[in-house]
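[1] just a sequence and a predicted model for now, questions to come.
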Amino acid sequence: MKSLRSLISWSAVVLMTGLLAFSGLVYAASEVLLHRLLDGQMLVLAESLAEIAERYPDFMKANSKDTAPANDLTHGTLEQHLLPNISHALRIFSTDGRLLWNSPRAAAPVSIPPHVLERVRLAKITFETLDSADGMPARHLFFPFAGKDHVRYVLQAETSLLHYQETLHGLVFLLTLGSGATLLLAWIGSLWLSKKVLAPIEALCAGAETMSEADLGKRLAVDSPYREFRRLTQAVNAVLDQFQRSSEVQRNFCEIAAHEMRTPLTILQGNLEVALMKARTVEEYREVLLNNLQQVDRLIALTRPLLTLAKFTSSKPPVNLVPLALGPLIQEIVDELMVLADDHRITLTFESQPVPSVLGDAQWLKQALINLLDNALRYTPSGGSVTVRLQTISSKVTVAVEDTGHGIEPEHIPHLFERFYRTDWARAKDSAGTGLGLPIVKEIMDAHGGSISVTSEVNKGSVFTLRLPAHAQQSGPA
């Protein structure tokens, strides 16, 4: 498994590779630029001497190879100012390679290579790097020009590459020293940075590893001035908050579920024990069995919503969201429950307006509406009415279930969607209820990205309203 420290080491390797590439590029560019500088200086020198030779051709006819022409441009300005501190020499040859003149600083003459002489005869300026008489590499310029009487000559300018090599050696030293210092500083900086970065992370890991279920109320704290670490700490604490809430909900759920299931199980056990205490008649045994069967039915009725809630409390609710038209779905449910409403002599109506489709799961939305309508029909007295309204309000598709039942006291409304919560009036009205119908509706709405709310007034009735986001339909090409 890779660590952050190995990543920092790799970054140092990448930096070293980049520095090597940059140093090589600087060296190559410096070498080219120095060559161009030397070539340019020699070209200026050659052009100046060619101009002098055209003006004063007599010094070559005297065949004086030890003296330069008596002109300030050659010995003074030419050699001292154009190439200061650089060893250089000038020579003039005939086109067949014979030496006609050389400057006072020139070493022993070197014959012109045949391929160079051939290029110069074609009136081409040629640059060559050749070894001088003392074995030191030197840069040579061969420059063709014509004299006063149109006789053609070859001018050779020679510059030692000693300073050129010393300059490149110094550049290599500076690049090596600079790169090494940069790598050293980068390595020290990376170690410091990794320590600063990993210290808060190590603190978070240590705090998280030492936490247990009994410490869920504790929160991690990281003393770091950096915004990113504070944000990471807040995110971890937010996850702990959510985990604590989920753990508490699950614990309460299990405790309440066990309490609800304990009652019918206790009754079952008591009936069986009483039945086994002495011999009973067939009718007495039948009465015990019927009583136990009722408790089994109660357990089954409790188990089904518990399984449903368990599905929705998982990390992935069991919903398959597809574009869905609510109008036909609600009409189908109303038609199915119309018989039950008629039996209770309750008027059940459906009022619908044109609404857009929603993203929903037909099975679970049907379950939510059945739960609401079942409660409304159960707690509405005979002669009352239950109305389902479908409409669009503020870009939300709303389904309101309104009844004319007993209503709900204000102090009970905030707890209606808690699991197993039932009002005293509801327990007296329907002792077989589980208190899980409304929590299931809320879980279904949450899984659909919607919500449920309730308004109620005692002795006037209640209105449960489902809100779902409208499905944004994309129009096709015109």
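    Sure thing, it's come through.

[2] only C-alpha atoms from now on, for both contacts and neighbour counts.
    Fine.

[3] the strands in the chain, which residues?
    Listed in chain order, the strands of the chain (DSSP state E) span 88-94, 99-102, 126-131, 137-146, 152-160, 322-324, 347-352, 358-360, 385-393, 396-403, 451-457, 461-469.

[4] out of those, deepest packed?
    strand 152-160 (a mean of 24; mean count of other CA atoms under 10 Å).

[5] what is that strand packed up against?
    In terms of contacts (3 or more CA pairs under 8 Å, 6 or more residues apart in numbering; DSSP states H and E), strand 152-160 is packed against helix 4-55, strand 88-94, strand 137-146.

[6] as TSV, the strands of the chain with mean pLDDT and distance to residue 46 would be great.
    What follows is the strands of the chain, written out as TSV (pLDDT from 0 to 100; distance: least, CA to CA, whole Å):
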stretch	mean pLDDT	distance to residue 46
strand 88-94	81	8
strand 99-102	80	13
strand 126-131	81	12
strand 137-146	83	7
strand 152-160	83	6
strand 322-324	92	88
strand 347-352	93	102
strand 358-360	91	88
strand 385-393	93	94
strand 396-403	94	90
strand 451-457	92	93
strand 461-469	93	88
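
[7] any chance of JSON lines for the ones you listed, columns distance to residue 330?
    Converted to JSON lines, those look like this (distance: least, CA to CA, whole Å):
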{"stretch": "strand 88-94", "distance to residue 330": "104"}
{"stretch": "strand 99-102", "distance to residue 330": "113"}
{"stretch": "strand 126-131", "distance to residue 330": "96"}
{"stretch": "strand 137-146", "distance to residue 330": "98"}
{"stretch": "strand 152-160", "distance to residue 330": "100"}
{"stretch": "strand 322-324", "distance to residue 330": "11"}
{"stretch": "strand 347-352", "distance to residue 330": "8"}
{"stretch": "strand 358-360", "distance to residue 330": "13"}
{"stretch": "strand 385-393", "distance to residue 330": "8"}
{"stretch": "strand 396-403", "distance to residue 330": "9"}
{"stretch": "strand 451-457", "distance to residue 330": "17"}
{"stretch": "strand 461-469", "distance to residue 330": "12"}
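
[8] the helices in the protein, which residues?
    According to DSSP state H, the chain carries its helices in the segments 4-55, 58-61, 72, 79-80, 114-121, 162-209, 227-277, 282-312, 326-343, 362-378, 424-429, 437-447.

[9] where among these is average confidence lowest?
    Least confident of the helices of the chain, judged by mean pLDDT, is helix 72 with a mean of 39.

[10] quick revisit: the helices and strands packed on strand 152-160: which one's closest to residue 162?
    strand 137-146 (7.7 Å; CA to CA).

[11] neighbouring strands - and their directions - for that closest one?
    Sheet pairing of strand 137-146 (DSSP bridges) gives strand 126-131 (antiparallel), strand 152-160 (antiparallel).

[12] now the ones you listed as JSON lines including distance to residue 114?
    Shown next, in JSON lines, are these (distance: least, CA to CA, whole Å):
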{"stretch": "strand 126-131", "distance to residue 114": "12"}
{"stretch": "strand 152-160", "distance to residue 114": "13"}
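
[13] give me the neighbour count for residue 172.
    By other CA atoms under 10 Å, the residues close to residue 172 number 16.

[14] run through the residues that contact it.
    Applying CA atoms under 8 Å, 6 or more residues apart in numbering to residue 172 gives the contacts residue 27.

[15] do that again at 10 Å, thanks
    23, 24, 26, 27, 166, 178 (CA atoms under 10 Å, 6 or more residues apart in numbering).

[16] again, but for residue 364
    Residue 364 sits next to 318, 319, 320, 370, 440, 441, 444, 445, 447, 448 when contact means CA under 10 Å, 6+ apart.

[17] okay, now the domains of the chain?
    Here the domain parsing of the chain from automatic domain parsing is 4-167, 227-312, 322-469.

[18] ok now the last one, how far from the chain's centre?
    This points to domain 322-469. Relative to the centre of its chain, domain 322-469 is centred 43 Å away, using CA atoms, centre = their mean, to the nearest Å.

[19] may I have the distance across that domain, first residue to last?
    Domain 322-469 has an end-to-end distance of 13 Å (criterion: CA to CA, to the nearest Å).

[20] quick one on the thing from earlier: which of the helices of the chain sits most buried?
    helix 437-447 (a mean of 21).

[21] tell me the helices and strands packed up against that helix.
    In terms of contacts (3 or more CA pairs under 10 Å, 6 or more residues apart in numbering; DSSP states H and E), helix 437-447 is packed against helix 282-312, strand 358-360, helix 362-378, strand 451-457, strand 461-469.

[22] so which of the ones you listed is nearest residue 413?
    Among those, the nearest to residue 413 by CA to CA is strand 451-457 (7.5 Å).

[23] which one of the helices and strands packed on strand 152-160 lies nearest to residue 354?
    Closest to residue 354 of the helices and strands packed on strand 152-160 is helix 4-55 (CA to CA; 58.2 Å).

[24] give me the helices and strands touching that closest one, please.
    Counting by 3+ CA pairs under 10 Å, 6+ apart, helix 4-55 packs on strand 88-94, strand 126-131, strand 137-146, strand 152-160, helix 162-209.

[25] sorry, back to before: what's the closest of the strands of the chain to residue 237?
    Once these are compared by CA to CA, strand 451-457 is nearest, at 26.6 Å.

[26] check contacts around the nearest residue to residue 125 once chain neighbours are set aside.
    Distance criterion CA to CA, 6 or more residues apart in numbering; nearest residue to residue 125, sequence neighbours excluded, is residue 143 at 5.1 Å. Residues in contact with residue 143 (CA under 10 Å, 6+ apart) are 42-43, 46-47, 50, 92, 120-121, 123-127, 153-157.

[27] swap the cut-off to 8 Å and go again
    46, 120, 124, 125, 126, 154, 155, 156.

[28] next one: residue 144
    120, 121, 123, 124, 125, 152, 153, 154, 155.

[29] residue 416 versus that one, what's the distance?
    Distance from residue 144 to residue 416, by CA to CA: 107 Å.

[30] do residue 466 as well
    15 Å.

[31] and what of residue 143?
    Residue 143 sits 105 Å away from residue 416, going by CA to CA.

[32] ditto for residue 116
    As for residue 116, its distance to residue 416 is 105 Å (criterion: CA to CA).

[33] ditto for residue 42
    Where residue 416 is concerned, residue 42 sits at a distance of 99 Å (CA to CA).

[34] repeat for residue 383
    From residue 383 across to residue 416, the span is 26 Å (CA to CA).

[35] so the two - more neighbours on which side?
    Per other CA under 10 Å, whichever of residue 383 and residue 416 has more neighbours is residue 416, with 20 against 11.

[36] want to throw the contacts of residue 143 into a markdown table with distance to residue 240?
    Formatted as a markdown table, the contacts of residue 143 follow (distance: CA to CA, whole Å):
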| residue | distance to residue 240 |
| --- | --- |
| 46 | 84 |
| 120 | 86 |
| 124 | 83 |
| 125 | 81 |
| 126 | 80 |
| 154 | 90 |
| 155 | 88 |
| 156 | 86 |
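
[37] which ones are touching residue 15?
    Taking CA under 8 Å, 6+ apart, we find residue 15 in contact with residue 183.
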